[in-house]
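Undergrad: Kindly return the folded structure for what I paste below:
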Amino acid sequence: MTTSTNSRFSQLLSGMKAQGLDAVLLNPSPSLPYLSDLHFHISERPVVLAIAKNGTSTIITPELEKQKVGHSSIPVTCFTYTEDVSQWQTAFTAGLKGIRESGAKKVGIEPRALRVLELRFIESALPGVELVACESLIAELRMRKSADEIAQMRTAVDIAQKALLNTIPSVKVGVSEKEMAALLIQHMLTLGSGGELPFQPIVAFGANSANPHAVPTDYRAKAGDMILFDWGANVNGYFSDLTRTFALGDPGEELKKAYKAVQNANQAGREASKPGVTAGSIDRATRSQIEAVGLGEYFSHRTGHGLGLEVHEEPYIRSGNDAILDVGMTYTVEPGVYLNGKGGIRIEDDMLITSNGAESLSTLPRDLQLLPV
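TA: Residues are numbered from 1 along each chain as shown. Just a heads-up that it's a prediction; the model follows:
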C-alpha cells in the first residue's frame with residue numbers, strides 16, 4: 001500500500017469496528033480509488049469491491065478488466081465473470097462467500113453510488129444481511145484533505161482561473177453561450193485539466209443567468225446582459241468549482257445592487273470560515289447580507305458544498321447543518337441572487353480550512369467588471 005492509502009484503509013477498518021460493520025461494499029465511485037487506487041467507471045457491467053472487517057478484500061469485476069486489479073494498493077482477491085449474464089450471480093456469490101460465511105450481520109454501502117443492478121446481486125449473495133448506509137464513515141475520511149490532495153486542488157483552481165482569463169476577452173455582443181462554453185473547455189484542456197470535467201460549464205447570459213443551473217444555449221449576448229460562468233477543472237481526479245459574473249456594458253442599477261449584495265455575502269462567508277464553526281453558521285453569514293437588502297427570497301440555494309474527488313460532497317454549507325469545520329476541509333462559498341426575467345449573479349470561491357482560519361484557493365477579482373460593448 002502507499003502511505004496515504006494505508007492510513008485511509010486503517011482508518012476505515014477502525015471506523016467499521018466503531019460502527020459495528022462486518023464489511024463495506026463499494027461500486028465505482030470516488031471512494032473506490034480513494035481507498036484502493038482502483039479506477040473503474042459505472043457501466044452495464046457491475047463491479048463491487050468488498051472490504052471485510054478483518055482487512056481482507058475481494059473484488060467482482062468483468063474478465064476484460066481483470067488486469068486493472070493489479071494496480072490495487074491494497075491486497076485484493078479477484079473474482080471475474082464473462083459476457084454470459086446468467087453467470088454473473090455466480091461471481092458475486094463466490095466473491096462475497098467469505099463475508100457470508102463469517103456470519104456477517106451488518107454491511108455498509110454507499111446509497112448515492114450503489115445501483116439496483118449491483119444491489120440485487122449483493123442481496124442474493126448475502127441473504128439475511130442488513131445493508132446500511134456508510135457514507136458518513138467514508139465522508140469522515142474524505143473531508144479532511146492531505147497536503148497532496150490540497151496541492152492537486154490548488155492546481156485545479158489555477159487551471160480553471162487561467163482558462164477563464166483566456167476566455168473573457170472573447171465575450172462580445174453576438175457570441176453565444178455554447179461558443180463561450182466550448183472555448184472555456186478548450187482552454188482548460190490546453191492548460192492541463194483532465195478530460196473528465198467536474199460538470200459541463202454553466203455559461204449563461206442575460207435572463208438565462210437567473211437559472212442557477214442553466215445549460216448553455218444558442219442565445220447570443222446583448223449589451224447590458226449579465227454574463228455568468230460556473231466552471232471547474234480536474235487534476236488527477238480532484239476538482240475545482242468556481243463562479244464569476246460579469247456585465248456586458250451597463251446592466252442597470254437593480255442588477256448592480258444585487259451584485260453588491262452577493263459580493264458582500266461572499267466576503268462574509270469567507271471571513272466566517274475557520275476551524276470549530278458549524279457549516280450552518282457560514283450559510284447564516286452569507287444569507288444575512290442578502291436578506292439585509294431585501295433580496296433574501298432570491299437566494300434560492302445553500303451557500304456551498306464540500307469539494308474534492310466529487311464536485312458535491314460533505315460538508316454541505318447549508319442552513320441547520322451542525323457539522324463542525326475542521327482543518328483540511330475544502331468547500332465552496334457561492335451565494336447568489338436570481339431575478340427572474342432579468343439576470344442572476346453568483347460569486348463562488350473554493351475554501352480551505354487552515355489551523356488558524358481559512359484560505360480561499362481562488363483569487364480572481366470579485367468586483368463587478370463591466371466588459372466592453
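
Undergrad: wait, what's in contact with residue 258?
TA: Residue 258 is in contact with 295, 298, 337, 339, 345, counting by CB atoms under 8 Å, 6 or more residues apart in numbering. No exception for glycine: its C-beta is placed from N, CA and C like everyone else's.

Undergrad: Please, which helix or strand holds it?
TA: When elements are assigned from DSSP states H and E, residue 258 belongs to helix 253-272.

Undergrad: Tell me which residues of that helix come out buried.
TA: Judged by neighbour count using 16 or more other CB atoms under 10 Å, the buried positions of helix 253-272 are 255, 258-270, 272.

Undergrad: Dump the contacts of residue 258 into CSV; add pLDDT, distance to residue 372 and neighbour count as well.
TA: Formatted as CSV, the contacts of residue 258 follow (pLDDT from 0 to 100; distance: CB to CB, whole Å; neighbours: other CB atoms under 10 Å):
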residue, pLDDT, distance to residue 372, neighbour count
295, 98, 28, 19
298, 98, 28, 18
337, 98, 24, 26
339, 98, 24, 17
345, 98, 20, 32
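
Undergrad: Filter those residues down to the ones in strands?
TA: Among the contacts of residue 258, DSSP state E puts 337, 339, 345 in strands.

Undergrad: now those residues as JSON lines including distance to residue 131?
TA: JSON lines is the format used below for the ones in strands among the contacts of residue 258 (distance: CB to CB, whole Å):
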{"residue": "337", "distance to residue 131": "42"}
{"residue": "339", "distance to residue 131": "45"}
{"residue": "345", "distance to residue 131": "43"}
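
Undergrad: any idea which of those is closest to residue 190?
TA: Within the ones in strands among the contacts of residue 258, distances to residue 190 taken as CB to CB reach their minimum at residue 345, with 28.6 Å.

Undergrad: Who does that closest one form a beta bridge with?
TA: For residue 345, the beta-bridge partners are residue 337 (DSSP bridges).

Undergrad: Give me the most central residue, this protein.
TA: residue 311 (1.5 Å; CA atoms, centre = their mean).

Undergrad: Please enumerate residues in contact with stretch 277-295?
TA: Counting by CB under 8 Å, 6+ apart, residues outside stretch 277-295 touching it are 257-258, 261-262, 264-266, 268-269, 271-273, 296, 298-299, 302-304, 315-325, 331, 333, 335, 337.

Undergrad: Go ahead and measure how far that stretch is from the middle of the chain.
TA: Chain-centre distance of stretch 277-295: 22 Å, with CA atoms, centre = their mean, to the nearest Å.

Undergrad: One more: stretch 331-340?
TA: Distance, stretch centre to chain centre, for stretch 331-340: 17 Å (CA atoms, centre = their mean).

Undergrad: what's the span of it, first residue to last?
TA: End-to-end distance of stretch 331-340 (CA to CA, to the nearest Å): 27 Å.

Undergrad: cool, and stretch 52-65?
TA: 22 Å.

Undergrad: Report the buried residues of that stretch.
TA: Applying 16+ other CB under 10 Å to stretch 52-65 flags 52, 53, 56, 57, 58, 59, 60, 61, 62, 65 as buried.

Undergrad: do the same with stretch 221-232
TA: 221, 224, 225, 226, 227, 228, 229, 230, 231, 232.

Undergrad: Let's see it as CSV, backbone CA atoms only.
TA: Extracted C-alpha coordinates of stretch 221-232, given in CSV (Å, rounded to 0.1, in the frame of the first residue of the first chain):
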residue,chain,number,x,y,z
ALA,A,221,-25.1,38.1,-25.8
LYS,A,222,-26.6,41.6,-25.8
ALA,A,223,-25.5,44.9,-24.3
GLY,A,224,-26.5,45.1,-20.7
ASP,A,225,-26.5,41.3,-20.1
MET,A,226,-25.2,39.6,-17.0
ILE,A,227,-22.5,37.1,-18.1
LEU,A,228,-22.2,34.2,-15.7
PHE,A,229,-19.5,31.5,-15.8
ASP,A,230,-19.7,28.5,-13.4
TRP,A,231,-16.9,26.0,-14.2
GLY,A,232,-14.2,23.8,-12.9
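
Undergrad: Phi first, then psi, for the residue of the chain positioned farthest from its centre.
TA: For the chain, the largest distance from the centre (CA atoms, centre = their mean) belongs to residue 101, which lies 36.8 Å off. Dihedral pair for residue 101: phi -80, psi -10, per degrees, to the nearest 10.

Undergrad: residues in contact with it?
TA: So residue 101 contacts nothing (CB under 8 Å, 6+ apart).

Undergrad: what does the model give it for pLDDT?
TA: Confidence at residue 101, expressed as pLDDT, is 96.

Undergrad: Then residue 81?
TA: 98.

Undergrad: Ok, residue 206 next?
TA: In this model, residue 206 is scored at 98, pLDDT.

Undergrad: gap between it and residue 290?
TA: Separation of residue 206 from residue 290 (CB to CB, to the nearest Å) stands at 21 Å.
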